[in-house]
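[1] Pasted the sequence and its predicted model underneath.
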Amino acid sequence: MTVRRSAATLAATAAVLCAAAAPVAVAAPSPSPSPSAALPAGLYGTKDPTYDGVWRQSMAFLAQRLEGVTPAGKSVDWLIGQQCANGAYAAFRPDVSKPCDAKTVLDTNATAAATQALVEVGGHRDIVNNGVRWLKSVQNEDGGWGYTAGAPSDANSTSLVIGALARQGQRLADITTPGGKTPYDPLLALAIPCGGKDGGAFAYQPDKKGKLTANADATAAAVLGTMGKAMAVGNNAAGKAPACHPGSGLTPEQAAQNGAHYLAGALAGSGHLNQAPMPGATDTTPQPDFGNTADAVVALSASGHQDEAAGAIAWLKKNSTDWAGQNGPAAYAQLILAAHATGNDARDFGGVDLVARLNAAGPAPAAVVTPDPSADTGYEATEKDQVHSGDDVIGGVWWYIGIALVLAAIAFFLISGRRKNRQL
């Protein structure tokens, strides 16, 4: 996901400026940092943030909060300051003193990630709610989201937005289009039926002829999306082996299990996923995909198949250090999310303290509290525990408690008054 975001953002920008097609999910090298450009204060990482500034900051916060780390105030302020007045985020705004305009490429992925991150940081209800309002306002007619507002729905973007809506407290089944489509519908439309080597997988998008091609990155994202879960998931006990549910008319839960079945099979041999070859590349030798392997681990654990991810975790512990060092904060965050989802120690991940390395990639944290390993701090947002009270959901529980206390006080005074009247 980390490297693929660069290519997707470039494609999305070209689509907006040139009225071209929707973004594609292909790997591309990260942009080189500009030696003359000073990095913004509070930003994580040392590379050029043009295509992933908001994303890597958000991923860092998500991973840190799971590990009891409170980001520095100026880091949180930087992320908040990136938000446009309408609630959306771009991948990066170098000059936030200038308001967003028609040329600003508004990014659903960055908005969804920032929303999830700020929920975890806490204390920024208005910022979160503004982001959610914008995401809901740009929902496509099929119920999903593309990389940019109005772009065709894709599995990754739709799943990220689902996670943001769920984590904020929205009831996903109630978020419907005029045609009655929910956010789950476009994901189900991208699910490849059981049977054949790619059965159970999800496609990123259909091709021009409507054909669905299996995409491991999209599958890992869609497993979370069809389960209504955010990126940060808890340590789930392993259940029975994943099975592929045949036929059409699948429920979101069945589609998620099918996706888990595909991922388990894809990881079974080598313990890792491979990168898709670049278009036109002459060297088609399979190359390990560290980020998608970590995402697959999270998806398997979230869907109740943590045991199927054991081999991938062992492979990541042995092989991911150099990759994370080269790719920076978001890469360390992905590994931390995978470690947490499977009950592994992110502070000793193959001998590497991922938390310390992530913290060192940005300003010194405001606080660091080593969490109790026996306590699961991951949040599981499901339809069962979502609360819906319009956009202002965060803090809603305390709102209801306050109302209840006021009503109780009124009842007390009324009863007391009646007793006094009887005594007179």
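    Yep, it's here.
[2] and stretch 145-152, what's its mean pLDDT?
    When pLDDT is averaged over stretch 145-152, the result is 96.
[3] low pLDDT regions in the protein?
    Scanning the chain with the threshold set as pLDDT under 70 gives 1-37, 237, 279, 372-424.
[4] Look at Ser301 and give its secondary structure.
    The three-state label given to Ser301 by DSSP: H, G, I helix; E, B strand; the rest coil is helix.
[5] and the residue nearest to it when sequence neighbours are not counted, how many neighbours does it have?
    Spatial nearest neighbour of Ser301, chain neighbours left out: Ala341 (4.0 Å); criterion: CB to CB, 6 or more residues apart in numbering. The way it works is simple: take the backbone N, C-alpha and C, and place the C-beta from them, glycine included. For Ala341, the neighbour count with other CB atoms under 10 Å is 26.
[6] repeat for Ala191
    Around Ala191 there are 27 other residues, counting by other CB under 10 Å.
[7] likewise Thr370?
    Residues near Thr370, counting by other CB under 10 Å: 10.
[8] which residue is nearest the centroid of this structure?
    Centrality entry for the chain: nearest residue to the mean C-alpha point is Met231, 3.9 Å, by CA atoms, centre = their mean.
[9] Surely that residue touches Phe61?
    No - in this structure, Met231 is not within contact of Phe61 by CB atoms under 8 Å, at 11.0 Å.
[10] ok, so what distance separates Ala266 from Asp154?
    Distance from Ala266 to Asp154, counting by CB to CB, to the nearest Å: 20 Å.
[11] So for these two, which sits in the more crowded spot?
    Neighbour tally, Ala266 and Asp154, criterion other CB under 10 Å: the higher count belongs to Asp154, 32 against 24.
[12] distance of that one from Ile336?
    On the measure of CB to CB, Asp154 and Ile336 end up 26 Å apart.
[13] Check Ile192 too.
    Taking CB to CB as the measure, Ile192 falls 30 Å from Ile336.
[14] the more surrounded of the two?
    With neighbours defined as other CB under 10 Å, Ile192 and Ile336 compare such that Ile336 has more, 29 against 23.
[15] Contacts only, for the more buried one.
    By CB atoms under 8 Å, 6 or more residues apart in numbering, Ile336 lies in contact with Ala63, Leu66, Glu67, Ala346, Leu354, Val355, Leu358.
[16] Would it be right to say that it lies in a strand?
    No - looking at Ile336 with three-state DSSP, it is helix, so not inside a strand.
[17] Strands along this structure, start to end?
    69-70, 273-274, 288-289, 367-368 (DSSP state E).
[18] Leu79 and Ala189: what is the separation?
    The gap separating Leu79 from Ala189 is 33 Å, by CB to CB.
[19] The two: who's more crowded?
    Ranked by neighbour count (other CB under 10 Å), Leu79 and Ala189 place Leu79 first, with 26 against 17.
[20] Let me see the ranges of the helices in the stretch 51-200 of the chain.
    Assigned by DSSP state H, counting those that start in this stretch, the stretch 51-200 of the chain shows helices spanning 53-66, 73-81, 108-121, 125-137, 155-168, 184-189.
[21] among those, which is nearest Asn327?
    Ranking these by their distance to Asn327 (criterion: CB to CB) puts helix 53-66 first, at 9.1 Å.
[22] roughly how far apart are Ala41 and Pro277?
    Per CB to CB, Ala41 is found 40 Å from Pro277.
[23] Also Val138?
    For Val138 relative to Pro277 (CB to CB), the value is 33 Å.
[24] more neighbours, those two?
    Of the pair Val138 and Pro277, Val138 is the one with more neighbours under other CB under 10 Å, namely 18 against 15.
[25] check contacts around the residue nearest to the more buried one when sequence neighbours are not counted.
    Nearest non-adjacent residue to Val138, counting by CB to CB, 6+ apart: Ala149, 4.0 Å away. Residues in contact with Ala149 (CB under 8 Å, 6+ apart) are Ala88, Leu106, Thr108, Val138.
[26] hang on, isn't the third one packed against Val161?
    Spelled out, that is Thr108. Yes - in terms of CB under 8 Å, Thr108 counts as a neighbour of Val161; the distance is 5.8 Å.
[27] what do those two both touch?
    When CB under 8 Å, 6+ apart defines a contact, the residues bordering Thr108 and Val161 alike are Leu135, Trp145.
[28] which one is Ala356 nearest to, not counting chain neighbours?
    Once flanking residues are discounted, Ala356 sits nearest to Arg347: 7.2 Å by CB to CB, 6+ apart.
[29] nope, Gly259 is what I meant
    Nearest one to Gly259, counting by CB to CB, 6+ apart, is Val223 at 4.1 Å.
[30] do the same with Arg357
    For Arg357, ignoring the flanking residues on the chain, the nearest one in space by CB to CB, 6+ apart is Tyr332 at 5.5 Å.
[31] how deep is the closest residue to Gln306 other than its chain neighbours tucked in, by neighbour count?
    Excluding the flanking residues, the one nearest Gln306 by CB to CB, 6+ apart is Ala238, at 4.4 Å. Using other CB under 10 Å, Ala238 has 15 neighbouring residues.
[32] The one 5 residues further on too?
    The local packing of Ala243 (other CB under 10 Å) involves 13 other residues.
[33] Same check on Ala309?
    Neighbours of Ala309 (other CB under 10 Å): 28.
[34] Could you do Gly239 as well?
    Gly239 has 13 nearby residues by other CB under 10 Å.
[35] go on, Pro193?
    17.
[36] Then Pro365?
    Neighbour count of Pro365, defined by other CB under 10 Å: 17.
[37] does it really touch Gln64, like I thought?
    Yes - using CB under 8 Å, Pro365 makes contact with Gln64 at a distance of 6.9 Å.
[38] Touching both of the two, which residues are there?
    Thr70, Pro71, Asn359.
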